[in-house]
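J.: Predicted model, plus sequence, below.
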Amino acid sequence: MTAQWHKTNYRVPYKDTDRMGIVHHGNYINWFEIARTEFMRHYGIAYKEIESKGFSLPVANVDCRYKSSATFDDCIVLFTKIADYSPLKLKFVYEARKLSEEAESDHLDKIVSRPSGELIASGSTEHTWVNENFKPIRLNRSAPEIYEIIREYGEQA
């Protein structure tokens, strides 16, 4: 199965811009986290639920490639999908795309087969499932119901 992209709309606030009037490069990592959290919530895997089960999903690696810039008040759509998974690890990929004001209202669907808009940044995050002591766990044993959701909506490399 090819994973579908989940969409999270975002309008650039002034605080995300730097002295040059463009979005500071570090904010894209924050945007990826917002998109990942919304992706998981959409599929019924809220971070609060994960933590209540006694485990977490820390970032082990992050990558971001900048293509263009965004500025204050731009309409951004953050596209997210699971690019790879195993019982121990999870990898998300992201695309941040700029939309025109008119196109923003046309983007109400949360799930799409491919991203649209002007690509401004893309990247990925890799995560490892761990317990409260930060020891790796196998999600398929610790929370098989969550692992099944990931299997249903993710794709393996």
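T.: Nice, I can see it. Numbers count the residues shown, from 1 in each chain.
J.: Can you tell me the SS state at the residue nearest the centre of the chain?
T.: In the chain, the residue lying closest to the centroid (C-alpha atoms, centre = their mean) is Arg36, at 2.9 Å. Under the three-state scheme (DSSP: H, G, I helix; E, B strand; the rest coil), Arg36 adopts helix.
J.: So it versus Ile76, what's the distance?
T.: As judged by C-beta to C-beta, to the nearest Å, Arg36 and Ile76 stand 15 Å apart. Where you see a C-beta, it was placed from the backbone N, CA and C, and this is true even at glycine.
J.: Enumerate every residue touching the residue nearest to the centre of the chain.
T.: For Arg36, the contacting residues are 80, 92, 94, 125, by C-beta atoms under 8 Å, 6 or more residues apart in numbering.
J.: Most neighbours among the residues you listed, which one is it?
T.: Neighbour counts for the contacts of Arg36 peak at Tyr94, which has 27 neighbours (criterion: other C-beta atoms under 10 Å).
J.: The host helix or strand of that one: partners in the sheet, and parallel or antiparallel?
T.: Using DSSP states H and E, Tyr94 sits within strand 89-99. Note on strand 89-99: by DSSP bridges, its sheet partners are strand 75-85 (antiparallel), strand 118-128 (antiparallel).
J.: Low-confidence ranges, the protein, go.
T.: 1, 101-108 (pLDDT under 70).
J.: Now do the helices in it.
T.: Per DSSP state H, the chain carries helices over the ranges 27-42, 47-52, 101-105, 139-142, 144-153.
J.: Please work out which of those helices is packed deepest.
T.: helix 27-42 (a mean of 19; mean count of other C-beta atoms under 10 Å).
J.: what about that helix, distance to the chain center?
T.: Here helix 27-42 shows a centroid-to-chain-centroid distance of 4 Å under the convention C-alpha atoms, centre = their mean, to the nearest Å.
J.: In PDB, please show the C-alpha coordinates belonging to stretch 51-69.
T.: Backbone C-alpha positions of stretch 51-69 (Å, rounded to 0.1, in the frame of the first residue of the first chain) are rendered in PDB as follows:
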ATOM      1  CA  GLU A  51       2.600   8.500  27.200                       C
ATOM      2  CA  SER A  52      -0.200   7.100  29.300                       C
ATOM      3  CA  LYS A  53       0.800   3.600  28.200                       C
ATOM      4  CA  GLY A  54       4.300   4.200  29.600                       C
ATOM      5  CA  PHE A  55       6.300   4.800  26.400                       C
ATOM      6  CA  SER A  56       7.400   7.600  24.100                       C
ATOM      7  CA  LEU A  57       8.700   8.300  20.600                       C
ATOM      8  CA  PRO A  58      11.800  10.500  20.800                       C
ATOM      9  CA  VAL A  59      13.500  11.900  17.700                       C
ATOM     10  CA  ALA A  60      16.700  10.000  16.800                       C
ATOM     11  CA  ASN A  61      17.400  11.900  13.600                       C
ATOM     12  CA  VAL A  62      16.100  14.900  11.700                       C
ATOM     13  CA  ASP A  63      16.700  16.100   8.200                       C
ATOM     14  CA  CYS A  64      15.500  19.300   6.500                       C
ATOM     15  CA  ARG A  65      16.200  20.500   2.900                       C
ATOM     16  CA  TYR A  66      15.300  24.100   2.100                       C
ATOM     17  CA  LYS A  67      14.000  24.900  -1.400                       C
ATOM     18  CA  SER A  68      12.400  28.300  -1.200                       C
ATOM     19  CA  SER A  69      11.400  30.700   1.500                       C
END
